[in-house]
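In: Got a sequence here, can you build the structure:
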Amino acid sequence: MNWFGVRFPENFNAIPETGVDCGWQALRKQGTVAARTAFGAAWIIGWRFVNRFLGIISTLILVRLLVPADFGVVALAMGFVQGLQQLAELGTENAIIRADMPDRQLYNTGFTINVLRGFGVAVILLIIAVPAGHFFNSPHFTQVTFVAAAVSAISSLQNIGVVDYRRYMAFDKEFLLKLLPRLISVSTAISLAFVLRDYWALIIAILVSVVVDTLLSYVLHPYRPGLTLAGWPRMASYSTLLWLSNIAGLLGGLGTKSTITKMTNVGALGLFEVAHEVAQLPSSELVGPLTRAMFSGLSEVRTQADRGASLLIKMMTTMNLVVMPLGVGLSLVAEPAIRLAFGEKWLGAVPLLQVLALGARSQFSVR
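Out: Predicted coordinates for the structure are as follows:
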């Protein structure tokens, strides 16, 4: 049969649990690894620009309807969600991509781990919502955290089958998968901001986006996951290393948000979040897409050390030559950029952007 414009085996549901690759192999592109990696990176960069364009449009409207404190309380709550998810991240999708023979057992194990992580994070958020609200002296934080718990649980139910888009570098399909939820999220946030004029416009838009994204993953991929942990031993070694790495990242990111809020207020955190997001534009919009595509490409040639190293060095060198000057330039034009894009009330983010833009360049070099 044909699904999403790509042929899929008629006997898919009859594929054994183990010993048979159950990936959507018709998604695989033709050509060399380097060519397919470049093609994939182009689609990811294209998505990033579309996503960023939609984000800029919505931000330019929202910053005139909302205040920094609204952005701050949402950033703080979602920061806890992302931090806890990062703490529990075991790299199930990457483990599937790297596997020589990812069968139904491995796919279903990945799905089960994601569900356990998502619902586990949701329970923790429900437990800490009230005391954390008192700690930060922000009752709004408690309310937003309750919704954030639902976001964590719903997002964990995403169809694990969509990992095939990365595995076979079919990033054009992934582009379509991400576009609709983003469009709905932006339109929801703007519409509600005109009506509500507070942080609920942002948090409801996030919830709507997650619901649409999860449902769409089942519409656009025919795989239907089940629950099992039988494949965990095959994921354990890779997942443990990734988990240790994520702990280090968690301590940095979550600690920064908590410290800023405790020492100042959620308004200051809102300024920091805007400055940080703008400062990360050069690296996030160019380096992120490249590394995402490179992981899939390098997974194919990981047994050929020289070939993989050569591919990595060429791409990273090229990106450095582009990203480093952009970081310096962004730091130099921080004041007019913030004034023009966000307005007078966001000028407090200028000194932060001047420093963070240079820091983003250095961060890129060591990623």
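In: any idea how far residue 24 is from residue 115?
Out: Distance of residue 24 to residue 115, given as CB to CB, to the nearest Å: 21 Å. In this view, the C-beta of every residue, glycine as well, is placed from N, C-alpha and C.
In: Between these two, which is the more surrounded one?
Out: Comparing residue 24 with residue 115 by other CB atoms under 10 Å, the one with more neighbours is residue 24, at 25 against 17.
In: leaving aside the residues next to it on the chain, what's closest to the more buried one?
Out: residue 164 (4.3 Å; CB to CB, 6 or more residues apart in numbering).
In: ok, the one you found - how many residues close by?
Out: Residue 164 has 25 neighbours, counted by other CB under 10 Å.
In: Going by secondary structure, it is in what exactly?
Out: helix 163-167 (DSSP states H and E).
In: That helix packs against which elements?
Out: Using 3 or more CB pairs under 8 Å, 6 or more residues apart in numbering; DSSP states H and E as the contact test, the elements touching helix 163-167 are helix 92-98, helix 171-196, helix 281-300.
In: now do 7 Å
Out: On a contact count with 3 or more CB pairs under 7 Å, 6 or more residues apart in numbering; DSSP states H and E, helix 163-167 meets helix 92-98, helix 171-196.
In: now these in TSV, with mean neighbour count?
Out: Below are those laid out as TSV (neighbours: other CB atoms under 10 Å):
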stretch	mean neighbour count
helix 92-98	22
helix 171-196	18
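In: which stretch among those helices comes nearest residue 297?
Out: helix 92-98 (10.4 Å; CB to CB).
In: can I get the CA coordinates of the closest one in PDB?
Out: The C-alpha atoms that make up helix 92-98 are tabulated as PDB, following Å, rounded to 0.1, in the frame of the first residue of the first chain:
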ATOM      1  CA  THR A  92      15.700   6.100  22.300                       C
ATOM      2  CA  GLU A  93      15.300   7.600  18.800                       C
ATOM      3  CA  ASN A  94      19.100   7.800  18.400                       C
ATOM      4  CA  ALA A  95      19.600   4.300  19.600                       C
ATOM      5  CA  ILE A  96      17.100   3.100  16.900                       C
ATOM      6  CA  ILE A  97      18.900   5.100  14.300                       C
ATOM      7  CA  ARG A  98      22.300   3.600  15.300                       C
END
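In: quick one: contacts of it?
Out: The contact list for helix 92-98 (CB atoms under 7 Å, 6 or more residues apart in numbering) reads 102, 106-107, 110, 113-114, 163, 166-167, 235, 238-239, 295-296, 299.
In: For PyMOL, what selects the buried ones among the residues you listed?
Out: Buried residues among the contacts of helix 92-98 (16 or more other CB atoms under 10 Å), as a PyMOL selection:
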select buried, resi 102+106+107+110+113+114+163+166+167+235+238+239+295+296+299
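In: Could you single out the nearest of the contacts of helix 92-98 to residue 199?
Out: Taking CB to CB as the measure, residue 114 is the one of the contacts of helix 92-98 closest to residue 199, at 27.8 Å.
In: What pLDDT is listed against that closest one?
Out: For residue 114, the pLDDT comes out at 94.
In: cool, the one 5 residues further on as well?
Out: According to the prediction, residue 119 has pLDDT 96.
In: What pLDDT does the model give the residue nearest to it when sequence neighbours are not counted?
Out: With sequence-adjacent residues excluded and distances taken as CB to CB, 6+ apart, residue 119 is closest to residue 153, at 5.2 Å. Per-residue pLDDT puts residue 153 at 95.
In: export the host helix or strand of residue 153 as PDB, just CAs?
Out: Using DSSP H and E, residue 153 maps to helix 139-155. The C-alpha coordinates for helix 139-155 follow below in PDB (Å, rounded to 0.1, in the frame of the first residue of the first chain):
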ATOM      1  CA  PRO A 139       1.100  31.700  42.100                       C
ATOM      2  CA  HIS A 140       0.900  31.900  38.300                       C
ATOM      3  CA  PHE A 141       3.800  29.500  38.100                       C
ATOM      4  CA  THR A 142       1.700  26.800  39.900                       C
ATOM      5  CA  GLN A 143      -1.200  27.100  37.400                       C
ATOM      6  CA  VAL A 144       1.100  27.000  34.400                       C
ATOM      7  CA  THR A 145       3.000  24.000  35.800                       C
ATOM      8  CA  PHE A 146      -0.300  22.000  36.000                       C
ATOM      9  CA  VAL A 147      -0.800  22.500  32.200                       C
ATOM     10  CA  ALA A 148       2.900  21.800  31.600                       C
ATOM     11  CA  ALA A 149       2.400  18.400  33.200                       C
ATOM     12  CA  ALA A 150      -0.300  17.600  30.600                       C
ATOM     13  CA  VAL A 151       2.100  18.800  27.900                       C
ATOM     14  CA  SER A 152       4.700  16.300  29.100                       C
ATOM     15  CA  ALA A 153       2.300  13.400  29.200                       C
ATOM     16  CA  ILE A 154       0.700  14.000  25.800                       C
ATOM     17  CA  SER A 155       3.900  14.600  24.000                       C
END
